[in-house]
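Chemist: Kindly generate the corresponding structure for this input.
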Amino acid sequence: VDRHGVIGLDLFELFPELVHAGIDASFRRARSTGVPIELSAFLDSTKRWASVRAEPFEDGLAVTMQGITPARQAGERFRAALDGSPDGVVILEPVRDADGHLLDMRCWEVNAAAAAMLGRSREFLLNSGVRAAMGERGAGFVEQCDRAMSSGETIEEDVDVGSAPGVAATWLWRLIVPLEGGVAVSLRDVSARKEAEQASPRPAATAVTFDNRAESHGRDRARRDSAEDIEILSESERAKALRALRALAGAVDAKGAGAQVHSENVANLAVAMARRLGWSDERAEQIREAGLLHDVGKIGVPDRIIAEPGPLTPNEYELMKQHSTIGARIAAGVLTEEQCGWVRHHHERVDGKGYPDRLTAGEIPQGALILGAADAYDDMAGARDYGPTRTSEEAVEVCRESVGTQFTEEVVLALSDVALAPQGTG
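Modeler: Numbering: from 1, shown residues only. The predicted structure follows:
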């Protein structure tokens, strides 16, 4: 549209899709409260996504629109990966009043499995707040989301949804994970298990929360009232849960700057390195699982940071550093405590300058050191949409130069043997 042709026109006549997306109501709220708003919308007229920001001033609004189509395309890859998960995944963001009080939680992403479990269409869920979607049950769930966001705790429980109209399941396992700017909710239909428990009564499992505060070198520990209440996942349940987390990790990779198979690359490289270091096949399989999930915590990092191919600002880097702690929390209950430690500590450095707990050489588990070296190598030499930043030889040399500061010599030797082995011999 020629800029001279839009002067004097009503914005919502020019872009009626803004009305359909509810942005007109957001604009009115910005005018009445004096608080700027920022959101995204798909413009049918141009077939492009735009980031829309409205800043109140005097008697009007200064509206800024910026094209974000490439970021949204990465989001489409993210959604495709989520839809591959057998577990339901819902991502919610808070709706607050002008004083910052939580009013509701709004769904900004939901996969097909979650929509089916909840008996609602994806379109309905994406355009509804939790209170509208869940009715009288919504208030309690919003309070739980508020607790998770304010405390940093991950909340796990079984929920009886049998009386909810249109809901396919009668019991759902629900995991609420706090993110930067919201929560991710994982759902699993456990109706069959609960029916079996009711047919053969046994002591009920207690709800679990995972503390985000560092304890005993930062390892998160589940708090339960009694060790007898621990419910061990069956092999089939664990396999399903692991597939769900792998899909979530794949979704995170899909959000990155072309690194759509990064987690698989790290897992495969870590297995080969572990075997070079004398690990058994069983232990190598454990590091493969941890490698596949090592970056799953990036689900809690803003998309714009994950998709950034260049250097991060100090503030962005601080947000990125949270992913290893979040990842360990998400993986708890599916991976062993040792594997979760590898996920949490794969960015520690032998000189004590890593994160999240600044462990030193003798304190860092070897599994974490292996994952850290494999991760660093693939960041440099792995496939990207824009091409690898370094050759295999250059990436290994960078790791060699970091022996004694970031990595141990034995781990880098294993990396070198595997990464630089002739094709077919590694």
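Chemist: So, low pLDDT: which residues of the stretch 301-426 of the chain?
Modeler: Applying pLDDT under 70 to the stretch 301-426 of the chain flags residues 309, 333, 383-388, 423-426.
Chemist: neighbours around Ser32, how many?
Modeler: Neighbours of Ser32 under the rule other CB atoms under 10 Å: 10. No exception for glycine: its C-beta is placed from N, CA and C like everyone else's.
Chemist: can you pull the pLDDT of it?
Modeler: With respect to pLDDT, Ser32 has a value of 80.
Chemist: gap between it and Arg53?
Modeler: 17 Å (CB to CB, to the nearest Å).
Chemist: Please apply the same query to Ala199.
Modeler: Taking CB to CB, one finds Ala199 at 56 Å from Arg53.
Chemist: of the two, who's got more company?
Modeler: More crowded of Ala199 and Arg53, by other CB under 10 Å: Arg53, with 15 against 7.
Chemist: Pretty sure that one sits against Leu61.
Modeler: No: counting by CB atoms under 8 Å, Arg53 does not reach Leu61; the two are 9.6 Å apart.
Chemist: Give me the phi and psi for the residue nearest to Val130 when sequence neighbours are not counted.
Modeler: Closest residue to Val130 apart from its sequence neighbours, by CB to CB, 6 or more residues apart in numbering: Met105 at 4.3 Å. Backbone geometry at Met105, expressed as degrees, to the nearest 10, gives phi -120, psi 130.
Chemist: Arg329: helix or strand, and which one exactly?
Modeler: Following DSSP states H and E, one finds Arg329 within helix 323-331.
Chemist: Mind giving me the packing neighbours of that helix?
Modeler: Packed against helix 323-331 by the contact rule (3 or more CB pairs under 8 Å, 6 or more residues apart in numbering; DSSP states H and E) you find strand 171-179, helix 235-255, helix 337-344.
Chemist: 6 Å instead?
Modeler: Applying 3 or more CB pairs under 6 Å, 6 or more residues apart in numbering; DSSP states H and E, we find helix 323-331 packed against helix 337-344.
Chemist: Only C-alpha atoms, please: export the helix or strand that the helix it packs on is followed by in CSV.
Modeler: Tracing the chain past helix 337-344, the next element assigned as helix or strand by DSSP H and E is helix 366-381. This file holds the C-alpha atoms of helix 366-381, laid out as CSV (Å, rounded to 0.1, in the frame of the first residue of the first chain):
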residue,chain,number,x,y,z
GLN,A,366,32.1,-37.1,33.3
GLY,A,367,28.8,-37.5,31.5
ALA,A,368,28.3,-33.7,31.7
LEU,A,369,31.8,-33.1,30.4
ILE,A,370,31.2,-35.4,27.4
LEU,A,371,27.9,-33.6,26.6
GLY,A,372,29.5,-30.2,27.0
ALA,A,373,32.3,-31.0,24.5
ALA,A,374,29.9,-32.7,22.0
ASP,A,375,27.6,-29.6,22.3
ALA,A,376,30.4,-27.2,21.7
TYR,A,377,31.7,-29.1,18.8
ASP,A,378,28.3,-29.4,17.1
ASP,A,379,27.7,-25.7,17.7
MET,A,380,30.8,-25.0,15.6
ALA,A,381,30.8,-27.8,13.0
